[in-house]
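J.: next come a sequence and a model predicted from it.
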Amino acid sequence: MTDSRQELVQRLFSGTGETYDSMVYFGTFGCDQSWKKKILAKVPSASTRVLDLACGTGIVTFEIARRLPRCRVIGVDMTQEYLDVARKKAERFSITNVEFIHQRAEEVSFKEPFDCVTASYLGKYADLKRLTRNVKGMLKENGLFIMHDFTYPDNPLIASLWEFYFKLLQTAGSPFYPQWRTIFYELPQVVRNTSWLPDLVDSLRECGFTRITVERLIVGSAAIVTGRIGKPEDPDPTGSLPG
């Protein structure tokens, strides 16, 4: 991640750790919960090691750990404040098969490979070429990479509603959640400008990922991309988590 990307993340999310879980739920009208269920459903059920990049406060990390109690789940995030919240959750809920590491997604490295790597809301901030190379080096043969993030709607009507909603957050939300003011004002431009979706697909192909899929969500306002390490004709190894 370049310094400008790191500075952007720090500027947007500083001071928001304690309110992140509630804001991400209510700010997306509960869609975030639905999107994360879709991510969880794609995680191979026989996984023994899963890496959750940009784990934030551990929403996906903990769900994987609960559903796969024999799996070691490692969450990585570059925002220490969010990791502090995640570690408090792990202690409060007595979840012992998780670990949290303060590191950039493009730079983190492990000797023992993973069955699956997940990432939510990372695409628009990441150096995707570096990220995909790094992820490939950490996955087992037939390992699965899952990435989810916002996308700007293609439909003009949906896009106008999207723009109106952020205007509403800026005017009505900022007084109640001042720590989110910077996000309310700057995130829309970040999403408008990002080309993470086609860029990620291109990067996955260049890195040799196969069986690449793209699932558009909620009238084009988000997407989930998956790719595997292995030959295109290789069978899927185990299936996915039960819903």
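T.: It's in.

J.: mind listing the strands for the chain?
T.: Assigned by DSSP state E, the strands in the chain fall at 49-53, 72-77, 98-102, 114-120, 139-150, 210-217, 222-228.

J.: these: which one's closest to Ala172?
T.: Among the strands of the chain, the nearest to Ala172 by CB to CB is strand 139-150 (20.5 Å). Just so you know, the C-beta spots here come from the backbone N, C-alpha and C atoms, and that holds for glycine as well.

J.: could you list the buried residues of the closest one?
T.: Residues of strand 139-150 classed as buried: Leu139, Lys140, Asn142, Gly143, Leu144, Phe145, Ile146, Met147, His148, Asp149, Phe150 (neighbour count, 16 or more other CB atoms under 10 Å).

J.: neighbouring strands for that strand, and are they parallel or not?
T.: Sheet pairing for strand 139-150, assigned by DSSP bridges, gives strand 114-120 (parallel), strand 222-228 (antiparallel).

J.: what's the most buried one of these?
T.: Of all the strands paired with strand 139-150, strand 114-120 has the most neighbours on average by mean count of other CB atoms under 10 Å, namely a mean of 25.

J.: other residues contacting that one?
T.: 35-36, 39, 43-44, 46-54, 56, 59-60, 64, 105, 135, 138-140, 143-149 (CB atoms under 8 Å, 6 or more residues apart in numbering).

J.: let me have the strands of the chain in TSV, adding distance to Ile158 as columns.
T.: Converted to TSV, those look like this (distance: least, CB to CB, whole Å):
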stretch	distance to Ile158
strand 49-53	28
strand 72-77	30
strand 98-102	36
strand 114-120	21
strand 139-150	13
strand 210-217	11
strand 222-228	12
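
J.: check contacts around Lys136.
T.: For Lys136, the contact set (CB under 8 Å, 6+ apart) comprises Phe145, Cys207, Gly208, Phe209, Ile229.

J.: wait, which of the strands paired with strand 139-150 is closest to Asn155?
T.: Smallest distance to Asn155 across the strands paired with strand 139-150 (CB to CB): 13.7 Å, for strand 222-228.

J.: for the spatially closest residue to Lys124 that is not a sequence neighbour, give me the pLDDT.
T.: Of all residues not flanking Lys124 in the chain, Thr194 sits nearest, at 4.0 Å (CB to CB, 6 or more residues apart in numbering). Looking at Thr194, its pLDDT stands at 97.

J.: next, count neighbours for the residue lying closest to Glu106 once chain neighbours are set aside.
T.: With sequence-adjacent residues excluded and distances taken as CB to CB, 6+ apart, Glu106 is closest to Arg130, at 4.3 Å. Counted with other CB atoms under 10 Å, the neighbours of Arg130 add up to 16.

J.: again, but for Gly58
T.: The number of residues near Gly58, taken as other CB under 10 Å, comes to 27.

J.: wait, it touches Ile74, no?
T.: No - counting by CB atoms under 8 Å, Gly58 stays clear of Ile74, with 10.8 Å between them.

J.: overlap of the contact sets of those two?
T.: Here Gly58 and Ile74 share the contacting residues Asp52, Val98, Phe100, scored by CB under 8 Å, 6+ apart.

J.: beta-bridge partners for the residue lying closest to Ile146 once chain neighbours are set aside, please?
T.: Using CB to CB, 6+ apart and skipping the chain neighbours, the partner closest in space to Ile146 is Thr118 (4.7 Å). When bridges are called by DSSP bridges, Thr118 pairs up with Asp52, Ile146.
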